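Enquirer: next one to model:
(one chain, ligands or ions: 1)
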Amino acid sequence: MRIDVLTIFPDYLAPLSLSLIGRARERGLLDVSAHDLRRWTSDVHRTVDDTPYGGGPGMVMRPEPWGRAFDELVPAGVAPPRFVVPSPAGAPLTQSLAAELAAEPWLLFGCGRYEGIDQRVLDDAADRMPVTEVSLGDVVLFGGEVAVLAVVEAVTRLLPGVLGNAESLAEESHTGGLLEAPVYTKPPVWRERPVPDVLRSGDHGRIARWRRDQALVRTARRRPDLLAALPPGTLDATDQLA
Ligand SMILES: NC(=S)c1ccno1
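Expert: Here you go, the predicted model:
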């Protein structure tokens with residue numbers, strides 16, 4: 001997968017050189033580049049923003065640098081990337097959206113700052129590539145960079161070879177629509193708190209049942225909306241929600 005990020009703060013993307021993503025880049029599984037949007041400015045001050053038409057607080061990102069960046073990074077005749085823009089107005093980032101993005105060969109991220117990006121940038125982008133505005137949640141950040149780190153992590157961990165133990169993907173939250181069961185490791189007792197006996201029983205059938213029950217109860221208590229969204233037939237007669 002190729003990932004390009006347009007930002008006025010490329011150093012914010014430095015964590016993409018660390019840990020499993022960094023190793024995936026070294027192994028050629030990922031090609032990640034952060035581009036300073038100011039590279040495509042045309043004035044001595046390298047201006048990327050201006051006051052909003054219609055008045056209001058703050059500044060808006062001007063369209064010209066974005067357009068020049070698209071022209072260079074996504075030339076005509078090249079299979080275009082999917083343009084992903086983190087925004088409070090975007091679609092919620094979910095595991096299923098992460099899986100959808102993980103199927104793309106090339107993602108181009110656009111990091112807004114200030115009060116946002118001139119809408120004509122999104123409109124111009126939509127004329128040349130698929131555009132997805134995505135939100136980490138109903139919260140406002142300083143800009144899109146931190147959200148890009150989260151989206152890139154959610155997406156790239158799903159790519160073959162990036163996560164050392166692919167089995168981890170099968171048992172985690174939101175895989176199958178449920179929250180994951182609580183996890184435990186050594187010591188067997190810690191500050192007078194024992195590990196549930198069933199997890200040390202060696203009975204894999206009982207352990208699987210316990211984990212399923214814990215996932216159902218947790219999901220029912222914390223995210224009843226996820227239960228309501230389960231495909232018909234996901235729960236069976238053996239499933240207890242309390
Ligand atoms: N909620 C998101 S993703 C965001 C981006 C910029 N500000 O908030």
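Enquirer: would you mark the buried spots in the helix or strand that contains L227?
Expert: Per DSSP states H and E: L227 is located in helix 224-228. Neighbour counts over helix 224-228 (16 or more other C-beta atoms under 10 Å) mark L226, L227 as buried. From N, CA and C alone the C-beta is placed, and that goes for glycine too.
Enquirer: show residues contacting it.
Expert: The contact list for helix 224-228, computed with C-beta atoms under 8 Å, 6 or more residues apart in numbering, reads H174, G177, L178, L179, L216, T219, A220, L241.
Enquirer: can you flag the buried ones in those?
Expert: Looks like these have H174, G177, L178, L179, L216, T219, A220 buried, using 16+ other C-beta under 10 Å.
Enquirer: could those be laid out in TSV, adding secondary structure, pLDDT and distance to the ligand?
Expert: TSV is the format used below for the buried ones among the contacts of helix 224-228 (DSSP: H, G, I helix; E, B strand; the rest coil; pLDDT from 0 to 100; distance: C-beta to the nearest ligand atom, whole Å):
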residue	secondary structure	pLDDT	distance to the ligand
H174	coil	78	18
G177	coil	89	23
L178	coil	94	25
L179	coil	95	22
L216	helix	95	30
T219	helix	96	24
A220	helix	96	27
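Enquirer: touching, L73 and W106? I think so.
Expert: No - L73 is beyond contact range of W106, at 10.0 Å (criterion: C-beta atoms under 8 Å).
Enquirer: what number of residues lie near D124?
Expert: Residues lying near D124 (other C-beta atoms under 10 Å) number 17.
Enquirer: now swap in L141 and tell me
Expert: Residue crowding around L141 was assessed by other C-beta under 10 Å; the count is 16.
Enquirer: would you mind listing what in the protein touches the ligand?
Expert: P86, S87, P88, S135, L136, G137, V139, V140, L141, G143, G144, A147 (C-beta under 6 Å from any ligand atom).
Enquirer: I'd like these as JSON lines, with secondary structure and pLDDT appended.
Expert: Listed next are these as JSON lines, based on DSSP: H, G, I helix; E, B strand; the rest coil; pLDDT from 0 to 100:
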{"residue": "P86", "secondary structure": "strand", "pLDDT": "98"}
{"residue": "S87", "secondary structure": "strand", "pLDDT": "98"}
{"residue": "P88", "secondary structure": "strand", "pLDDT": "97"}
{"residue": "S135", "secondary structure": "strand", "pLDDT": "98"}
{"residue": "L136", "secondary structure": "coil", "pLDDT": "98"}
{"residue": "G137", "secondary structure": "coil", "pLDDT": "97"}
{"residue": "V139", "secondary structure": "coil", "pLDDT": "97"}
{"residue": "V140", "secondary structure": "coil", "pLDDT": "96"}
{"residue": "L141", "secondary structure": "coil", "pLDDT": "97"}
{"residue": "G143", "secondary structure": "coil", "pLDDT": "98"}
{"residue": "G144", "secondary structure": "coil", "pLDDT": "98"}
{"residue": "A147", "secondary structure": "helix", "pLDDT": "98"}
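Enquirer: compute the distance between the spatially most distant residue from the centre of the chain and the ligand, please.
Expert: Computed with C-alpha atoms, centre = their mean, the residue of the chain farthest from its C-alpha average is E192, at 38.1 Å. Separation of E192 from the ligand (C-beta to the nearest ligand atom, to the nearest Å): 41 Å.
Enquirer: thanks a lot, see you next time.
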